[in-house]
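Enquirer: how would this look folded up:
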Amino acid sequence: MKKNITKAELAASAAENAGIPKSKAEEIINALIDTMGDGIIAGKNITLVGFGTFSTSKRQARNGRNPQTKEEMKIPASVVPKFKAGKSLKELVNR
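Expert: As a prediction, the model looks like this:
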């Protein structure tokens, strides 16, 4: 069984479920991704009730080690995306 669903497969499934053309579903998915990305970049949390919350988290700068050379290196501070699953999604996954 294939473990990943591509964006094209997601669009095809959404189009079938909604009874709309696949091209329209792809447009909607792309617009949703763009809108969510813009919101997260602006520092906002995106909450889809029952599904989950997308947000960002700040990571402090820290020292690390190159696993190949064992040489110490500085890892710069960064902002990383986060996702916290909602109650309905957790229940669905644990059925």
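Enquirer: stretch 77-95 spans what distance, first to last residue?
Expert: One end of stretch 77-95 to the other measures 39 Å (C-alpha to C-alpha, to the nearest Å).
Enquirer: sorry, that was for stretch 78-93
Expert: 31 Å.
Enquirer: in it, what counts as buried?
Expert: G86 (16 or more other C-beta atoms under 10 Å). C-betas here are computed from N, CA, C, even on glycine.
Enquirer: give me the contacts around that stretch.
Expert: Contacts with stretch 78-93, where a contact means C-beta atoms under 8 Å, 6 or more residues apart in numbering, come from 40, 48-59.
Enquirer: list the buried residues in the helix or strand I33 falls within.
Expert: If you go by DSSP states H and E, I33 is part of helix 22-41. Of the residues in helix 22-41, 25-26, 29, 40 count as buried by neighbour count, 16+ other C-beta under 10 Å.
Enquirer: need the residues you listed in a markdown table with pLDDT, can you?
Expert: As requested, those are arranged in a markdown table below (pLDDT from 0 to 100):
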| residue | pLDDT |
| --- | --- |
| A25 | 96 |
| E26 | 95 |
| I29 | 96 |
| I40 | 94 |
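Enquirer: format these as JSON lines; extra columns: distance to S13.
Expert: Shown next, in JSON lines, are the buried residues of helix 22-41 (distance: C-beta to C-beta, whole Å):
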{"residue": "A25", "distance to S13": "8"}
{"residue": "E26", "distance to S13": "12"}
{"residue": "I29", "distance to S13": "11"}
{"residue": "I40", "distance to S13": "24"}
